[in-house]
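Chemist: How does the following fold in three dimensions:
(chains A, B and C)
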Amino acid sequence: MTLRFGEPQVAIGIVFGVLALVLASAFVVIGIQAGSEIGFQRVHDVGYWIRKRWLALLLVVGVVVVGSTLLDLPYSSGSDAGRTLVRVTAGQFFWSLIPDSIAAGARVRFDVTSVDVNHGFGLYDPHGHLIGSVQAMPGYHNLLDLTLTQPGVYRIRCLELCGIDHSTMEGAFTVTPR
Amino acid sequence: MDAVTAIAPSQVLHPRGAAFTPETSRAERRIGLLFAASGLALVLLMGLLGITMRLTQADVIGLSPGWFYRLLTLHGAGMITGVLLVTMGALWYALRQDVPLRAGRMLAAYWLIVTGALAVLVATLAGGFGAGWTFLPPLPFYPAGQWTTWSESLFFSGLLLVGGGFFVYCLDVLEQTTARYGGLTRALGWQFLRGRDGTPPPPQAIAATVVAIDGLLSSAVASAILTGLLGRTYDSGAGVDPLVAKNLVYFFGHSMANLAIYLAAGAVYVLVPRYAGRPYETTKAFVAGWAGSLVFIAAAYSHHLYMDFVQPTWAEAISEVASYGALVPVAVVTIYSLTMLVWGSRYRWTLASLLLYVGLAGWAIGGVGAVIDSLIPLNFRLHNTDWVVAHFHTYLILCVVLWCFAFLAHLLERDAERTTSAAGRAWTAMLILVGGYGLTGTWFLAGLLGVPRRYAIQPPGTSGYSLAGSIFALVLALGFGSLCLQLVRLAREAWERRHYVLVAHTDGWTGGTYRVRVPREDEAVPSPAPHPSVGLPLERPGELALGAALCVVGLAAFLPPVVRASEASVGYHHLDHAGHFFLGTMLGLVAGSLPVVSRRLGPRPTLGLTAVIAAPTLMMLVMIPRFYEPLEHQPAEHAAYHLAMVAFGLLTGLGASRLGRVTGRLAAFLAVGMSVMFAAAMR
Amino acid sequence: MTDPGRQPTEHGAPGADGLWRWLVGGLVAGGVVLGLLVAAYAIGYHRGQQHARVAAQSPAATRPASTATTAPATTAPATTAPETSTTVPLGPALVARGKNLYQSDGCSACHSLNGAPGAGPTFKGLAGSRVSLSSGQTVTADAAYLARSIADPDAQIVDGYRPGIMPAAIAQYDLADKPADIRALVAFIESQR
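Modeler: Model (predicted):
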């Protein structure tokens, strides 16, 4: 499976790139102007003027971004009504999925656990986009609810250091066309 | 020799910066250089390991996965330790004039940390330990044939020593700032914030106090989990609850890594004004910002557990808010006001000041990457991918490590009374920036692609990223190499200037004037003396009464119904032991705070410190089933064991009473807290 | 507020006598709080006893065992009185140790705790039950049987299961050389009712 950039990741990349560039430019400009003499009173006035607005901007962005993300948590709601349960068991160094295939469009609940150490259930769609991940913990069950509409073979990679074969323990999950 | 004229002083610092640059004494220079040089040597060594790993991932070198994970573990632990050493030294140096720390404590901390680092080195390279520096339980106990049992316990012991050294340092910082400024709320600047104090502590003192509090908390947590894991190494019948253990491990790891940055920031507050020629003063915004950081640094740790869905959702939500919150004081106070200081200041560009400024940018850019990852729906897609590696390497290489070098460069520049050539600086900066941002850039991209982190064997088709990363890493290495070369040149000159002075000498016989090298006498620069411990944990009668009351309530741990109820599970039984320990600690604290007893004990800060570290650790180490289980059916031995818990507490309480008002209370609180956390984790 | 530079203090006001009065007051206050806690516990305990007597007419079960390893590890303190149990109370440390060995020595891979079939017999209700061996005998799975099954698995195989698997699975743990571990595991199996 070749990895590919998923759409959310592309969006994240663009946002990050833009912000990083803006910050870098700001530092370059200020760095150049650092060599000249600007009276401290002026620096004070400009600086504090900007800072008030900068703080306000950060707080507004914070409330919006943190607030909206807190409403979009991947944690399962609890009820498994109408969901097909897929038991995922991780171990050194294997993945066991029972059942290992479902029909496309089915609502799935992955019940993820481990028999030894912490592993990470990283699910990649048939095109190689990382959908997301959830931890496989020994003694605990993490429930991940997803609806998989794309038919094909989904690959699983381990996303938590679990020992020497951490990089090579792969699994597969088939979504059959309806 | 006739007329003796000294040469004109140098222009390294900003012309106005001399006002904020006091002379240093020999001890100050030596300790500063000791910490800086040792830490940076460790960092550079670990950097070589980093390059080796990147080249392995690029399939240029054929290192086996077993060795890859050994190096990975060592790289992480060694880097954090190295960076911590330098930043501890830098903050010590920055505090020196206002809050002198005890040299003995500094050296004790130094040797504890260095020994710990050596233990980690042996455990990984010789023992094969490869569970990552975050040793996420129960992985250390599932070696899959890769490492030995002794390497597990050596690794844990090593980290325990590093944590212990940091604890000693933080305790001294807190003791000295609270003694010097008169109490905790004054030292944090909160009295100034409320308008009740006209002269707040300087910025570096407030930063140091905040870091010390969070640092003590972090060391306590580390101690609780590491002693538990040490017990588990020798008795596989000891159970570790994976979720609680994960919470404790990540609280410790997250705090340590973050505090290294904030420690450095404290020093940067002192260094930048020397090159900008403008003073940096405590403002109300500054105090408020650091008060926020005090809370946010600690509360944000659960962002490492976002993908552990069994973690309570409220904990995840608090951490998401705190992670964003942590950004605000940094962006609005520290980075912003330092940049304001630099802007239009006729900033004196030297090697040190360049590194200081460039580091600010690194913190900002790494911070954006961090905040993105701290949003849970985004973390769902980025968790444990190379994105994480990218953002923390941006913080660490392109901010903290640069600031570490800046500290060393500052010390050397001052003594050499000159800096590097502009061309040399430019080359170094260019190599480091291109190499560094290129390296982290490839990691950011790989993370977006979904490449997992900590992979010895990279997914097929991604070797391009690893190869590009390796090339950038080599460029970065060249940059650091060039930096080191320049520092060595500065060091030679600094040594010359410190030990000899060039004097213009007019030869009486020929009448000619030439320069002569004369041994320089080290002017005795008075070093401010550290404070003795101030106050007792329980001073006012009401406080002593409360302590006595708590002792009686602590007796509940011995009541038969409670002991019987605690037999329900190992976790509850450990909680009962924590209750015994609490009783002992309160007894010790009250006893040690009584004037009669306190006078008899005398001021014994070192003994007190040793007791406060050793007694709780021993208490936790004896809670191994293999020791305890045979006693369960022998009533006399069983009772003796429980009394031993009380005795450990007594030692802790008495020791804490020697540490002063604020630190004594905090130390006692943390000791009891450790026993409770131990009970939660060890089932 | 403490002045900087003060030495470890002499307690000034209200005087040594006053201090002892405060301390005694504190002790009394602590005693009162402790007494209240004990009283609350006693009342709750008696209420619970009455409840248990009224509700359960069938012979009291033994103490609730540690929850199965596949459930989130939360345990409640036992409020049903252990004194009414007729079995010898097992040291919780021993059972807990056995539970941890059950996980760490790989037993969980083949022996379930909830009755589900696997490569080996389930541990639920095993202790004390009658077991048919492949040799045709039927024996009681007492502590000695359980211990022997761990130390030398192929000596007695349950009917329907294959020889050779368990010795291979646990060879690396050298359990035959660890009687303490075997005791703990047996205690754990016995707690799985």
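
Chemist: Am I right that A:T113 is in a strand?
Modeler: Yes - inclusion of A:T113 in a strand is indicated when DSSP: H, G, I helix; E, B strand; the rest coil is applied.

Chemist: Check whether it really touches A:M137, as I assumed.
Modeler: Yes - A contact is recorded between A:T113 and A:M137 when judged using C-beta atoms under 8 Å, the distance being 6.8 Å. C-betas here are computed from N, CA, C, even on glycine.

Chemist: tell me what the top helix by length along chain C is packed against?
Modeler: Among the segments of chain C that qualify as a helix by DSSP state H, the longest is helix C:16-55. In this structure, helix C:16-55 makes packing contacts with helix B:541-554, helix B:560-566, judged by 3 or more C-beta pairs under 8 Å, 6 or more residues apart in numbering or on different chains; DSSP states H and E.

Chemist: and the longest one, does that touch chain C?
Modeler: Yes - using C-beta under 8 Å from any C-beta of the partner chain, helix B:541-554 reaches chain C at B:541-542, B:544-553.

Chemist: Columns neighbour count and distance to B:P519 on top of those residues, output as JSON lines?
Modeler: Putting these into JSON lines (neighbours: other C-beta atoms under 10 Å in any protein chain shown; distance: C-beta to C-beta, whole Å) gives the following:
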{"residue": "B:P541", "neighbour count": "20", "distance to B:P519": "61"}
{"residue": "B:G542", "neighbour count": "12", "distance to B:P519": "61"}
{"residue": "B:L544", "neighbour count": "25", "distance to B:P519": "59"}
{"residue": "B:A545", "neighbour count": "23", "distance to B:P519": "63"}
{"residue": "B:L546", "neighbour count": "18", "distance to B:P519": "61"}
{"residue": "B:G547", "neighbour count": "23", "distance to B:P519": "59"}
{"residue": "B:A548", "neighbour count": "24", "distance to B:P519": "63"}
{"residue": "B:A549", "neighbour count": "23", "distance to B:P519": "66"}
{"residue": "B:L550", "neighbour count": "20", "distance to B:P519": "62"}
{"residue": "B:C551", "neighbour count": "23", "distance to B:P519": "63"}
{"residue": "B:V552", "neighbour count": "20", "distance to B:P519": "68"}
{"residue": "B:V553", "neighbour count": "21", "distance to B:P519": "67"}
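
Chemist: Between those residues, which sits nearest B:G32?
Modeler: Distance ranking of the residues of helix B:541-554 next to chain C against B:G32, using C-beta to C-beta, places B:G547 first at 40.6 Å.

Chemist: State the helix or strand in which the closest residue to the closest one other than its chain neighbours lies.
Modeler: Ranked by C-beta to C-beta, 6 or more residues apart in numbering or on different chains and with sequence neighbours excluded, the top spatial neighbour of B:G547 is B:V590, at 4.0 Å. With elements delineated by DSSP states H and E, B:V590 resides in helix B:570-593, which encompasses its position.

Chemist: May I see the buried residues of that helix?
Modeler: Judged by neighbour count (16 or more other C-beta atoms under 10 Å in any protein chain shown), helix B:570-593 contains these buried residues: B:570-593.

Chemist: One more: stretch C:25-38?
Modeler: Per 16+ other C-beta under 10 Å, stretch C:25-38 contains these buried residues: C:25-26, C:29-30, C:34.

Chemist: Mind listing residues that contact it?
Modeler: Here stretch C:25-38 makes contact (C-beta atoms under 8 Å, 6 or more residues apart in numbering or on different chains) with B:544-553, B:555-556, B:559, B:561.

Chemist: same thing with stretch C:104-121?
Modeler: Outside of stretch C:104-121, the residues that reach it under the criterion C-beta under 8 Å, 6+ apart are A:115, B:138, B:141, B:236, C:68-70, C:101-102, C:122-125, C:131, C:158, C:161, C:165-166, C:169-170, C:173, C:175, C:181, C:185, C:192.

Chemist: ok, back up a step: hey, least reliable of the helices and strands packed on helix C:16-55 by pLDDT?
Modeler: The stretch with the lowest mean pLDDT among these is helix B:560-566, at a mean of 84.

Chemist: Following the helix holding B:V590 in sequence, what is the next regular element?
Modeler: Next along the chain after helix B:570-593, taking DSSP H and E as the criterion, comes helix B:595-601.

Chemist: shouldn't B:S218 be in contact with B:V249?
Modeler: No - using C-beta under 8 Å, B:S218 makes no contact with B:V249, being 11.2 Å away.

Chemist: Pick out whichever of those two has more residues nearby.
Modeler: Looking at B:S218 and B:V249 with other C-beta atoms under 10 Å in any protein chain shown, you find the greater number of neighbours at B:S218, namely 27 against 23.

Chemist: Point out the residues in chain A that sit beside chain C.
Modeler: If contacts are counted using C-beta under 8 Å from any C-beta, the residues of chain A sitting beside chain C are A:113, A:115, A:138-141.

Chemist: list the buried ones in the lengthiest helix in chain A?
Modeler: Ordering each helix of chain A by length in residues (DSSP H) puts helix A:40-70 first. Within helix A:40-70, the residues that count as buried by 16+ other C-beta under 10 Å are A:40, A:43, A:47, A:51, A:55, A:62, A:65-66, A:69-70.

Chemist: Let me know the closest of the residues you listed to A:T174.
Modeler: Sorting those by distance to A:T174 puts A:T69 at the head of the list, at 31.9 Å, by C-beta to C-beta.

Chemist: so what's the closest one up against?
Modeler: Shown here is A:T69, whose contacts under the criterion C-beta under 8 Å, 6+ apart are B:320, B:375-378.

Chemist: now with 6 Å?
Modeler: Under the criterion of C-beta atoms under 6 Å, 6 or more residues apart in numbering or on different chains, the neighbours of A:T69 are B:375-377.

Chemist: And for B:T185?
Modeler: Contacts of B:T185 were listed using C-beta under 6 Å, 6+ apart, and they are B:Q191.

Chemist: Are we agreed that it is in a helix?
Modeler: Yes - the assignment for B:T185 is a helix, going by three-state DSSP.

Chemist: any idea how far it lies from B:T510?
Modeler: Noted for B:T185: a distance of 69 Å to B:T510, by C-beta to C-beta, to the nearest Å.

Chemist: what pLDDT does residue 11 get?
Modeler: Since no chain was named, I'll use chain A. Reading off the confidence values, A:A11 has pLDDT 95.

Chemist: that's the other chain; I wanted chain B
Modeler: At B:Q11, the predicted lDDT confidence score is 69.

Chemist: do the same with B:P15
Modeler: According to the per-residue confidence, B:P15 scores 83 in pLDDT.

Chemist: Please tell me how far it sits from B:L396.
Modeler: Separation of B:P15 from B:L396 (C-beta to C-beta): 34 Å.

Chemist: Compare these two and say which one has the larger neighbour count.
Modeler: Neighbours per residue (other C-beta under 10 Å) separate B:P15 from B:L396, with B:L396 holding more: 22 against 10.

Chemist: Chain A versus that one, what's the distance?
Modeler: 17 Å (C-beta to the nearest C-beta, to the nearest Å).

Chemist: Over to that residue: give its phi and psi.
Modeler: Taking degrees, to the nearest 10, you get phi -80, psi -60 for the backbone angles of B:L396.
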